[in-house]
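>>> model the structure of this input:
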Amino acid sequence: MRYLIFMLLFPFTLTFSQELHCTVTVNYEGLAVISRERLADFAGIIESYMNTTQFTSEKWDGEKIDCSLSIFFTSVANETDYSAQVVIVSTRPVYKSTRQSPMLTINDANWSFRYLPNQALYANQATFDPLTSYLDFYANIIIGFDWETWAELGGSLYFSKASDIINLSISSPFKKGWEQSSASYSRWGLCNDLLNDKYRPFREAFYEYHYGVDEFQIRKKDAQDKLVHMINVLEEMQKKVGIANSVLIKQFFDTKYGEFIELLRDYPDLSVFGKLKKIDPGHASKYDEAVAELATFKAE
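Okay, here's the model as predicted:
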């Protein structure tokens, strides 16, 4: 029913973005000059792979998903083996707005791979390659999150494909960063949460949340209520199942805390910011600042 209403609201603008428009930047200042020379074409090779590989099984004519990979090389073991830290970002356009809604902001500190200058990259999600499998993994995560905003649980297929890549990594000598970890972020932790039924209420509310983001310019109060619904869902999950150590929930707030503040600034019940502080203590100071600004504005 909600999907039908959404189609009626946006009959001429709804498109399913299932291909990528990816920008890649590389920082290798910490490496020796010879290593930098070997990586001279790296950004272009990766960017081309992300933008020309078809990661979905169907032809999609919709708007491409804007995303970026910022790659910071941290070490080189020999002429071919590298380690890097990567920041993955993706966004989605907001209906009747010039604003982009942030979808992912991930800081992945552990990528190890082998690369040869002018190396040709080929997509093969049936076997594990520490270079292309990493790119395939995040392509599927980016596409999956985008789909989650258009259809309830719509990203499940792509999250499962990302999980399959993790399973393929088990026997690889480049498995660092793929294994189960207690770190605040891990690929395994993200996929485990996404496919765990315990987080189903969050994923259902995630779809409703983005319905609200798109509805904001049309019916502001209804849109804000949908954002508050997400807060209430997370508050209830915190009480019942615990979310303090969830990679998925941390990633969500790292990406969305600013959007919550922006869209709820004039919400009549400011207690929502108190709830946000409890379920997202990592950004408590940002919520306090927002409440203080609102109090000052009202006093004036």
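>>> mind listing what Ile141 touches?
88, 104, 158-159, 162, 190 (C-beta atoms under 8 Å, 6 or more residues apart in numbering). The way it works is simple: take the backbone N, C-alpha and C, and place the C-beta from them, glycine included.
>>> how about the strands in this protein?
20-27, 65-76, 81-93, 100-114 (DSSP state E).
>>> quick one: which of those strands is nearest Met50?
Closest approach to Met50 among the strands of the chain (C-beta to C-beta): strand 20-27, 3.8 Å.
>>> show me which positions of the closest one end up buried.
Buried residues in strand 20-27, counted by 16 or more other C-beta atoms under 10 Å: 20, 22, 24, 26.
>>> tell me the pLDDT at Glu300?
The per-residue pLDDT reported for Glu300 equals 54.
>>> picking up where we left off before, what's the closest of the buried residues of strand 20-27 to Ser75?
Nearest member of the buried residues of strand 20-27 to Ser75, counting by C-beta to C-beta, is Val26, at 14.6 Å.
>>> check the gap between the closest one and Ala77 for me.
The gap separating Val26 from Ala77 is 18 Å, by C-beta to C-beta, to the nearest Å.
>>> so where is the stretch 201-300 of the chain shaky, pLDDT-wise?
296-300 (pLDDT under 70).
>>> just checking, what's the longest helix in this protein?
Taking DSSP state H as the criterion, the chain has its longest helix at helix 220-240.
>>> contacting residues around that helix?
199, 201-202, 204-206, 208-209, 211-216, 243-244, 249, 260, 263-264, 267, 269, 272, 275-276, 278-279.
>>> Asp41: neighbour count?
Using other C-beta atoms under 10 Å, Asp41 is surrounded by 13 other residues.
>>> what residues does it make contact with?
Taking C-beta under 8 Å, 6+ apart, one finds 117-118 in contact with Asp41.
>>> can you give me the distance of it to Pro130?
18 Å.
>>> what's the answer for Gly30, then?
20 Å.
>>> now Arg203
Separation of Arg203 from Pro130 (C-beta to C-beta): 29 Å.
>>> got any ranges where the stretch 51-200 of the chain has weak pLDDT?
Along the stretch 51-200 of the chain, segments meeting pLDDT under 70 span 60-61.
>>> and the helices in it?
132-148, 156-168, 187-194, 200-215 (DSSP state H, counting those that start in this stretch).
>>> just checking, what packs against the second one?
Read that as helix 156-168. helix 132-148, helix 187-194 (3 or more C-beta pairs under 8 Å, 6 or more residues apart in numbering; DSSP states H and E).
>>> closest one to Trp178 among those?
Of all these, helix 187-194 comes closest under C-beta to C-beta, at 6.0 Å.
>>> Ser101 contacts His210, correct?
Yes - with contact defined as C-beta atoms under 8 Å, Ser101 reaches His210; the gap is 6.9 Å.
>>> out of those two, which sits in the more crowded spot?
The neighbour count for Ser101 versus His210, taken as other C-beta under 10 Å, is higher for His210 (24 against 21).
>>> residues in contact with that one?
92, 101, 148-149.
>>> nearest to the spatial middle of the protein, which residue is it?
Compute the mean C-alpha point of the chain, and by C-alpha atoms, centre = their mean the closest residue is Leu104, 2.4 Å away.
>>> which ones are touching the closest residue to that one other than its chain neighbours?
Closest residue to Leu104 apart from its sequence neighbours, by C-beta to C-beta, 6 or more residues apart in numbering: Ser90 at 4.5 Å. For Ser90, the contact set (C-beta under 8 Å, 6+ apart) comprises 65-68, 102-104, 142, 145-146.
>>> name the member of those residues with the most neighbours.
Most surrounded of the contacts of Ser90: other C-beta under 10 Å gives Ile142, at 28 neighbours.
>>> what's the closest of the contacts of His210 to Ser182?
Glu148 (25.9 Å).
>>> for Ser101, see how far away that closest one is.
Distance of Glu148 to Ser101, given as C-beta to C-beta: 12 Å.
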